[in-house]
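Asks: Show me how the following folds:
(2 chains)
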Amino acid sequence: MSDTAIKRVQRQSFQREAELAIINDVQTALVARLQLHDICDIVGEKIKLIFDAQVVMIAVLDEKGEQLYMPYAVERDERLPPTSIGVFGFRKHVIETKQALLFNENIAQASIDYGNPVAIRGDMARSAAFIPMIIGDRVTGVVTLQHLDLEFAFSNADVTLLKTVTNTLAVALENARLFDETQRLLKLSQDRTNNLLMLNQMQTALANRQREQNIYDIVGEQIHATFDAQSVDIALYDRARDCFDFTFSIERNVRYPHISIANVGFRKHVVETGRPLLINENVEELGQHYGNPLVIYGEISQAVLFVPLMVREQAVGVISLQNLDRENVFTTSDVTLLSTLANSLTGALDNARLFDETQSLLKLTQDRANDLEMIGSIGRQLTAHLEQGALISALSQHVHTLLDVQSFRLYRLAENQQTLDLALGWEDGKPLPPMHHQIEPGDPFERCLNEQAEVIIQTGPERSSMYTPLMTGSRALGILHISCPSGAAYGERDAAILRSLCAYGAIALANSDALAALKQAQATIIQQEKMATLGQLVANVAHEVNTPIGAIKSSGQSIVGALEHTMVSLPRLFQLLDQSQQSLFMTLVQHARSAVCLLSTREERSVTRTLTQTLEQHGVRNAREKSAVLVQLYAHEHVQDYMPLLCHPASDFIISTAAAMSAIIRSADNINTAVERVAKIIFALKSYSRVDTSGTFCPIDLAESIETVLTIYHNQIKHGVDVVRRYQAQDELLGLPDELNQVWTNLIHNALQAMQGSGTLTIQIGRRGQHAVVAVSDTGCGIPPELRERIFEAFFITKPPGEGSGLGLDIVKKIIAKHNGEISVSSEVGVGTTFTVALPLAASPETIC
Amino acid sequence: MSKGVILCVDDDSTVLNALRVLLSKIFGSDNVIEIAECGEEALEIVEEYAAEGTTVSVIVSDYIMPNMRGDALLVALHERSPNTIKIMLTGQSDLEGVKKAINFANLYRFLEKPFNNADLVLTLRSALHAFHQEYQLRDEIRALQQQLADNAAALQAKEAELAELRTRCA
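Replies: As a prediction, the model looks like this:
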């Protein structure tokens, strides 16, 4: 059996299988979206493998039918480069007749008959088969087999098989062409869409309609250019209105304006079935059948093609092609292509819609992000406020800026959980007076607290209110109630913003509450410590007060006694004395009242002693007694003037009466002095023990402040402590007088204890840069270096149990920190200790928290 | 008989003034009222009078005073002038100081400020009485001791006389 015969048998036996294999390969190629060349290569190689032929050629007819393009050509195993040839000879015949040609002999003669060149190139064929590629009724190309050595190389069976393969190839190539075309259109539309999207990003204002319209225009124009149709339109189906809106209409190159028409006729059918409708003949007649209006505008159509625009298996519109001149112009491939285009249009529209949605989502996201960022920054601002008033006012500002608010009411929830106290409220920009709201069951406040969520209600036909709880954890601190004069003014975004603001506000409020409580606790500790110190001082103070009171009491009683004496003795005395003696007596008594020179007891004693001798020399009786009275009357320097009285026979009586007068005067003076002393002590006590938690900074006179403390400690100091005061005039200093007193008390108290009652206490007030400096130095035992670090710690104590709380210097440090000041200590064991306090001058309360 | 001396010690001049006015009126006819602003001055006064041969009858001392507290003054004074009657007049004191004054200075009375004039006068009156009684007692004892000594001498003389008589008789 010859080689050729064997191949033929093989061909016959595997014909079916081979056919299937080719079709499979072609389909695989299609699935892989291979291009024209790939398909031709696959099919050509297959043909070469199956058939006994030295030449295999695949020629594809161009759209105009003028050129044959050969993507695949093999001659004697040599692959020839793709070329284009004219339409002539055998192939022209095949194309025209749509029939295959088979020559197994006399090809030279046939070539002449068919006007074919003997050989396009290389050897002349001995056998040849030309098979047309047919799609519908159209020839799209020619497949050629040639055997250069043998005549009768191809059987009828070969031709049949080759026809099948060629058909498959034709379909595949057509699909590929359509696919290419679709791809091209898609790409074109995609490019345009992309361009438009870019354009739109720059011109968001022109946004949606414009872009959609562009897509309709592009697609419409493309369809108009692609198909043999004078009229093209794109209509969108409005399901709600049950009508069509034309977004693109062209007829004989004239664009028509957009119109709407009812859902009737062909389009109604297409929309309902979701399938294309092709009518190539009798359009008018069928139009009546479908209830289609004859002409929308322009001419009557001869052939029409409608394809639906499908979005998720639902028709959203219809594209129609109309040929106004001829019938039977639209093919099934037109249907396919138009359907593809329709898909790409909906795809593009979907993209545009997606883009819009994405854009609007992006915008929303951006808005949200902006909102969040802004609220975050507001939150940071809010939580930075530690003073309730300031923070609520900041919250109010932000709410006012961000939301439509005519009335703002921020309530704090009272301890009893039943009453809301207005912390800040305004309406139309005017502050509201303080008010309370009793929470009633069912009122919005109660709902708001129960649900722990905002409550938005219409409080009138044209009034919206929103109640937002201020929560930390599950604890409600208050409620923010805002309202404005318009219906449904507050939406989810407003609620979200207010929720966030209130969350931050609540945190800040809780912080501020905590700080207030802390300050209160600190103030209480400071106050308690002060009172404890005061308690220790009470015994001292009692003595300080009792002493002058004892003097007052005694002097008062003495005055009464002396008055009784003088009431009786004065009239008698004046009977005894002549006119000049009387006036001399009055002058003597006057001395006591005009007393200027105060003598110490020592000086007084020495003066008395001298005077006694003088009087004795003058022979005055009871010289010692009389001298004492004269000295007490401050008359000792003028004793010669009073000799007439001293030498008077009734001199004892005269002087004792003068002494009584003197007692009255001196006692009264004594009472005044004592009362002043008591007043000073009371003042010191009062200014020391004053409870002032208002925390108001006021001008401080450091010297006065320290003197107050020294007055209270006078009793302990006078035991044996020298106080050295080095006070320099001081610039304006603001502080808490009460608490600074406590600082000096602690420092002076410690100093006195360190000196155990004797030594030198030096107090200096000076200035160092922008600070007032107070230094309290003692000559006491000093503080060992290992303890120096720890003395400012709370509950660190070096004193025996019962003396001191261990809080003194800790509190001192806290108070000074409150003033933005500093305290330092220097000490030498056995020499003494100096505490130095520096307080910033003109410190304003704003800089202190 | 020379006048007695009442000495008041207080660092507070108003108290001293009040005391002097009061005591001068009540006891001034028989006593010199001296005042001192501190313990040291008080001791000076006591020594001055001692030099003159006069014992301060009564001292009224404050307790809390600079440098020398009342208890220390009274103890020091007790060493110099044990017979002086010591009174403490104070608005504040501690038990230790009072104990010390009682045990080592033979404290006569303890008075509290603010004092009542009448109380103070009564106390001082009884103090002066005590001082004078003791003074008198001492004088009487001295007289009796003298008399005893005289009598003893006389007895000795008589016994010597008797012995001589016995010798003569024997």
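Asks: CA atoms for contacts and neighbours, from now on please.
Replies: Fine.
Asks: Spatially, which residue comes closest to residue B:70, not counting chain neighbours?
Replies: residue B:63 (3.9 Å; C-alpha to C-alpha, 6 or more residues apart in numbering or on different chains).
Asks: Regarding the one you found, what is its secondary structure?
Replies: State at residue B:63, reduced to three classes by DSSP: H, G, I helix; E, B strand; the rest coil: coil.
Asks: Look up how far chain A lies from it.
Replies: Shown here: residue B:63 relative to chain A, a distance of 10 Å by C-alpha to the nearest C-alpha, to the nearest Å.
Asks: What segments of chain B are strands?
Replies: B:4-9, B:31-36, B:58-61, B:85-90, B:109-112 (DSSP state E).
Asks: For chain A, which of those is the nearest?
Replies: strand B:31-36 (6.0 Å; C-alpha to the nearest C-alpha).
Asks: What is the closest one packed up against?
Replies: helix A:601-617, strand B:4-9, helix B:13-27 (3 or more C-alpha pairs under 8 Å, 6 or more residues apart in numbering or on different chains; DSSP states H and E).
Asks: And those: which comes nearest residue A:763?
Replies: Nearest to residue A:763 among those is helix B:13-27 (26.5 Å), distances taken as C-alpha to C-alpha.
Asks: Other residues contacting the closest one?
Replies: Applying C-alpha atoms under 8 Å, 6 or more residues apart in numbering or on different chains, the set of residues contacting helix B:13-27 from outside is A:547-548, A:550-552, A:554-555, A:558, A:660, A:663, A:666-667, A:670-671, A:673-674, B:8-10, B:31-37, B:117, B:121.
Asks: Just the local confidence number for residue A:846, please.
Replies: Reading off the confidence values, residue A:846 has pLDDT 43.
Asks: before we move on, what about residue A:803?
Replies: On the pLDDT scale, residue A:803 gets 51.
Asks: check contacts around residue B:40.
Replies: Per C-alpha under 8 Å, 6+ apart, neighbours of residue B:40: B:68, B:73.
Asks: on that earlier part again, what about burial for the contacts of helix B:13-27, which qualify?
Replies: Among those, the ones that count as buried by 16 or more other C-alpha atoms under 10 Å in any protein chain shown are A:547-548, A:550-552, A:554-555, A:558, A:660, A:663, A:666-667, A:670-671, A:673-674, B:8-10, B:31-37, B:117, B:121.
Asks: and chain B, which of its residues are near chain A?
Replies: With C-alpha under 8 Å from any C-alpha of the partner chain as the criterion, chain B meets chain A at residues B:12, B:14-15, B:17-19, B:21-22, B:25, B:28, B:32, B:35-37, B:41, B:64-69, B:90-92, B:113-117.
Asks: Spatially central residue for chain B, please.
Replies: Residue closest to the mean C-alpha point of chain B, counted by C-alpha atoms, centre = their mean, is residue B:84 at 1.5 Å.
Asks: ok, the residue nearest to it when sequence neighbours are not counted - how many residues close by?
Replies: The shortest distance from residue B:84 to any non-neighbouring residue, by C-alpha to C-alpha, 6+ apart, is to residue B:57 (5.0 Å). Applying other C-alpha atoms under 10 Å in any protein chain shown, we find 25 residues neighbouring residue B:57.
Asks: Residue B:57 contacts residue B:2, doesn't it?
Replies: No: if you go by C-alpha atoms under 8 Å, residue B:57 and residue B:2 don't touch, sitting 12.0 Å apart.
Asks: Regarding chain B, what is its longest helix?
Replies: Counting residues, the longest helix found in chain B (DSSP state H) is helix B:117-169.
Asks: So which other helices or strands are in contact with that one?
Replies: helix A:492-576, helix B:13-27, strand B:58-61, strand B:85-90.
Asks: low-scoring stretches of chain B, by residue?
Replies: B:1, B:92-93 (pLDDT under 70).
Asks: Can you pull the residues of chain A lying near chain B?
Replies: A:539-540, A:542-544, A:546-555, A:557-558, A:601-602, A:625, A:660, A:663, A:666-667, A:670-671, A:673-674, A:715, A:718-720.
Asks: Can you give me the neighbour number for residue 159?
Replies: Chain wasn't specified; assuming chain A. Using other C-alpha under 10 Å: residue A:159 sits among 19 other residues.
Asks: let's do chain B instead
Replies: So residue B:159, with other C-alpha under 10 Å, has 12 neighbours.
Asks: same thing with residue A:156?
Replies: 9.
Asks: How about residue A:415?
Replies: Residue A:415 - counted by other C-alpha under 10 Å - has 9 other residues nearby.
Asks: Distance of it relative to chain B?
Replies: 49 Å.
Asks: sec struct for that residue, please.
Replies: coil.
Asks: what do you get for residue A:764?
Replies: Secondary structure state of residue A:764, per three-state DSSP, is strand.
Asks: That one is in contact with residue A:774, isn't it?
Replies: Yes: the criterion here is C-alpha under 8 Å, and residue A:764 meets it with residue A:774 at 5.6 Å.
Asks: Across the sheet, point out what pairs with residue B:8.
Replies: For residue B:8, the beta-bridge partners under DSSP bridges are residue B:35, residue B:60.
Asks: quick revisit: show me which of residue A:764 and residue A:774 is the more surrounded one.
Replies: Applying other C-alpha under 10 Å to residue A:764 and residue A:774 shows that residue A:774 carries more neighbours, namely 23 against 18.
Asks: A strand includes that one, no?
Replies: Yes: assigned with three-state DSSP, residue A:774 falls within a strand.
Asks: if we can go back for a sec, ok, the residue nearest to the centre of chain B - contacts?
Replies: Here residue B:84 is in contact with B:55, B:56, B:57, B:58, B:59, B:78, B:131 (criterion: C-alpha under 8 Å, 6+ apart).
Asks: And the furthest pair within these?
Replies: B:78 and B:131 (13.8 Å).
Asks: For residue A:280, see how far away residue A:330 is.
Replies: 7 Å (C-alpha to C-alpha, to the nearest Å).
Asks: What of residue A:724?
Replies: Residue A:724 is 125 Å from residue A:280, by C-alpha to C-alpha.
Asks: likewise residue B:19?
Replies: Counting by C-alpha to C-alpha, the gap from residue B:19 to residue A:280 is 145 Å.
Asks: Can you check which residues contact both of residue A:330 and residue A:280?
Replies: By C-alpha under 8 Å, 6+ apart, the residues touching both residue A:330 and residue A:280 are A:303, A:304, A:305.
Asks: doesn't residue A:285 make contact with the first one?
Replies: The one in question is residue A:303. No: applying C-alpha under 8 Å, one finds residue A:303 not in contact with residue A:285, separated by 11.8 Å.
Asks: Between those two, tell me which one has more neighbours.
Replies: Neighbours per residue, other C-alpha under 10 Å: of residue A:303 and residue A:285, the larger number sits with residue A:303, 23 against 12.
Asks: Give me the neighbour count for residue B:5.
Replies: Applying other C-alpha under 10 Å, I find that residue B:5 has 23 neighbouring residues.
Asks: Contact partners for it?
Replies: B:31, B:32, B:33, B:34, B:55, B:56, B:57, B:58.
Asks: And those, which is closest to residue A:136?
Replies: Relative to residue A:136, and with distances defined as C-alpha to C-alpha, the nearest of the contacts of residue B:5 is residue B:34, at 153.1 Å.
Asks: residue contacts, the closest one?
Replies: By C-alpha under 8 Å, 6+ apart, the neighbours of residue B:34 are B:5, B:6, B:7, B:8, B:20.
Asks: Using CSV, lay out those together with distance to residue A:41.
Replies: Below are these laid out as CSV (distance: C-alpha to C-alpha, whole Å):
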residue, distance to residue A:41
B:5, 151
B:6, 148
B:7, 145
B:8, 142
B:20, 144
